[in-house]
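Asker: Return a 3D structure for these sequence lines:
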Amino acid sequence: MGKAVGIGLMSGTSLDGVDAALVEIEKKNGNIEVNLIESLAIQYDDVIRRELMEVCSPLSATVQKISSMNMFLGKEFGNAVNKLLVKSNRSKEDIHFISSHGQTIYHQPLQGETEVDIPGTLQIGDISVLSETTGIAVVGDFRTADMAANGQGAPLVSYVDYLLFHSTDKSIAVQNIGGIGNVTYLAKNGHSNDVQSFDTGPGNMVIDEVVFRITNGKSTYDKNGQIAYKGKINQALLDQLVNHNYFSMNPPKTTGRELFGKSFVTAIFNDFGDIDSADLVTTVTEWTALTIANSYNDFLTGKGNAIDEVIVGGGGSYNPYLMERLAYHLPDMNVYTHEKYNISSDFKEAIAFAILGYQCICGEYNQIPSATGADKPVIMGKTAYTHPDAFKRLESLRSVLT
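Answerer: Below is the predicted model of the structure:
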């Protein structure tokens, strides 16, 4: 079958920017092969990040702000794509599709208090604006299809983890540490129906917010774990954090900024704001490592699911203090980063969404019900194109693939 050329976009819960990955995708003998051609990371400036934080909070979000940011991000994502095309010496005519995760501003996986307060999710960054800005067809809004089938709309990358990492001779936990941490468990010689996946809890989200506050906005993350290395673990704070009720919930489960966002960090400062600032960073970093290790013990190894290897991706994989603490708490497992498998930890999720978009275009299922809790497999994604030539390139790809 022919090769598809696509661009995957990922803007995560850390609200730090958008990652763009230009890839070639080919299906051979039922297996998907993906080759990263070029990549680009665009960091949000302080104004955009502050505005995004506002629309992510029910206390400050308004309908007008959400509507405007939806259109604005569509253009920002489009500008990122156009810069990637220049960097890779490609034109829009060379690209079959863009696949965009969008920016999650609210995720509610559980039923609310009234009959109309049903589970839902909202990712912004309008795909029609993105298509108009680039002249390329766009696939987006993935999570809603899974939730329509009574899934939690996450974790979605589990499908790609299975394609890339399943093994006949070892059991693997693929751990993402972005704003939120999530794991995909791949049993040795297992089938896609055997995949287990869930959010382990906060990844970098709480660490980043604490660093932002103690540096008065000068730093948005703990680069190389420099602050955490200087501090000590405050046991009283750690004990309080590990007892959060999210960690006792059984999978499938998902979480986000609604639970571990700014209000959560404010509560930490209210209760423990008098301790040394470095100790705060050290303790919440230790907590992140512990939430991952404890989740494995409680829901995987503790239930007879062996883990031989842990493969870590996302921004947290570049924090050596966090990685050291994770390895310390998982002494019987080999802990690696995605780079061991020649996959960029920075761009793994952008690559993953390119694959999800590819499957959508092919008209094939692209999520795993056992990971999300959905009743059945579904095809996730919606398509937008604002010009006939973008439609024609997409259809030419479909004619080859289907």
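
Asker: Quickly list what Leu122 is bridged to.
Answerer: Assessed by DSSP bridges, Leu122 has beta-bridge partners Tyr106.

Asker: okay, it: pLDDT?
Answerer: With respect to pLDDT, Leu122 scores 96.

Asker: Just the strands from the stretch 101-250 of the chain, written as ranges.
Answerer: Secondary structure of the stretch 101-250 of the chain (DSSP state E, counting those that start in this stretch): strands located at 120-124, 138-140, 172-177, 180-186, 196-202.

Asker: in stretch 241-260, what's buried?
Answerer: When neighbours are counted by 16 or more other C-beta atoms under 10 Å, the buried residues of stretch 241-260 are found to be 241, 244, 247, 251-260. Where C-beta positions appear, they are placed from N, C-alpha and C, glycine not excepted.

Asker: if we can go back for a sec, please name whichever of the strands of the stretch 101-250 of the chain is nearest to Val312.
Answerer: When these are compared by C-beta to C-beta, strand 172-177 sits nearest Val312, at 4.9 Å.

Asker: Checking Leu59 next. Helix, strand or coil?
Answerer: What DSSP: H, G, I helix; E, B strand; the rest coil gives for Leu59 is coil.

Asker: Contact partners for it?
Answerer: Contacts for Leu59 were tallied using C-beta atoms under 8 Å, 6 or more residues apart in numbering; they are Ser263.

Asker: how much space between it and Arg213?
Answerer: Between Leu59 and Arg213 the distance, using C-beta to C-beta, to the nearest Å, works out to 17 Å.

Asker: can you check His191 too?
Answerer: Following C-beta to C-beta, the distance that separates His191 from Arg213 is 46 Å.

Asker: circling back: among the buried residues of stretch 241-260, which are located in helices?
Answerer: The helices in this structure, assigned by DSSP state H, contain Leu241, Arg257, Glu258, Leu259, Phe260 from the buried residues of stretch 241-260.

Asker: Closest one of those to Ile207?
Answerer: For Ile207, the nearest member of these is Phe260. The distance, counting by C-beta to C-beta, is 10.6 Å.

Asker: I'd like to know how many residues surround the closest residue to that closest one other than its chain neighbours.
Answerer: Distances taken as C-beta to C-beta, 6 or more residues apart in numbering place Pro202 nearest to Phe260, at 4.4 Å, with adjacent residues excluded. Applying other C-beta atoms under 10 Å, we find 31 other residues in the vicinity of Pro202.

Asker: Correct me if wrong: Pro202 contacts Gly181.
Answerer: Yes: the pair formed by Pro202 and Gly181 meets the contact definition of C-beta atoms under 8 Å, at 6.6 Å.

Asker: okay, and the common contacts of these two?
Answerer: Common contact partners of Pro202 and Gly181 (C-beta under 8 Å, 6+ apart): Thr288, Thr291.

Asker: sorry, back to before: in TSV, list the strands of the stretch 101-250 of the chain along with distance to Ile275.
Answerer: Putting the strands of the stretch 101-250 of the chain into TSV (distance: least, C-beta to C-beta, whole Å) gives the following:
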stretch	distance to Ile275
strand 120-124	36
strand 138-140	43
strand 172-177	24
strand 180-186	24
strand 196-202	19
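
Asker: Compare the ones you listed and give me the one nearest Leu397.
Answerer: When the strands of the stretch 101-250 of the chain are ranked by distance to Leu397, counting by C-beta to C-beta, first place goes to strand 138-140 at 11.5 Å.

Asker: strand partners of the closest one, parallel vs antiparallel please.
Answerer: In its sheet, strand 138-140 lies beside strand 97-108 (parallel), strand 382-384 (antiparallel), with partners assigned from DSSP bridges.

Asker: Identify, out of those, the most deeply packed stretch.
Answerer: Ranked by mean neighbour count, these are led by strand 97-108 with a mean of 26 (mean count of other C-beta atoms under 10 Å).

Asker: most packed of the strands of the stretch 101-250 of the chain?
Answerer: With neighbours taken as mean count of other C-beta under 10 Å, these reach their highest mean count in strand 138-140, at a mean of 29.

Asker: pLDDT averaged over that one - what is it?
Answerer: The predicted confidence, averaged over strand 138-140, sits at 98.

Asker: Show me what that strand is in contact with.
Answerer: Under the contact criterion C-beta under 8 Å, 6+ apart, strand 138-140 has outside partners 97-102, 123, 125, 127-128, 130-131, 356-357, 360-361, 381-385.

Asker: again, but for stretch 165-177
Answerer: 155, 157, 161, 181-190, 192, 200, 203-204, 288, 292, 296, 300, 305-317, 322, 333, 341, 348-349.

Asker: Swap in 7 Å and give it another go.
Answerer: 157, 161, 181-190, 203-204, 292, 296, 300, 305-317 (C-beta atoms under 7 Å, 6 or more residues apart in numbering).

Asker: now for the strands of the stretch 101-250 of the chain, which one comes closest to Tyr221?
Answerer: Counting by C-beta to C-beta, Tyr221 lies closest to strand 172-177 out of the strands of the stretch 101-250 of the chain; the figure is 11.8 Å.

Asker: Average pLDDT for that closest one, rounded please.
Answerer: When pLDDT is averaged along strand 172-177, the result is 96.

Asker: Kindly report the same for stretch 273-285.
Answerer: On average, the pLDDT along stretch 273-285 is 96.

Asker: Give the buried residues for it.
Answerer: Of the residues in stretch 273-285, those with enough neighbours to count as buried (16+ other C-beta under 10 Å) are Ile275, Ser277, Ala278, Asp279, Leu280, Val281, Thr282, Thr283, Val284, Thr285.

Asker: and the residue lying closest to Leu300 once chain neighbours are set aside, what does it touch?
Answerer: Across the structure, with C-beta to C-beta, 6+ apart as the measure, the residue nearest Leu300 apart from its sequence neighbours is Tyr185 (5.5 Å). Residues counted as contacts of Tyr185 (C-beta under 7 Å, 6+ apart) are Ala173, Val195, Gln196, Ser197, Leu300, Asn305.

Asker: Surely the third one touches Ile368?
Answerer: Right, the one you point to is Gln196. No: with contact defined as C-beta atoms under 7 Å, Gln196 and Ile368 do not form a contacting pair (9.2 Å).

Asker: got the contact list for stretch 358-365?
Answerer: Outside stretch 358-365, the residues that touch it by C-beta under 7 Å, 6+ apart are 4, 6, 25, 97, 139, 366, 377-381, 394, 397-398, 401-402.
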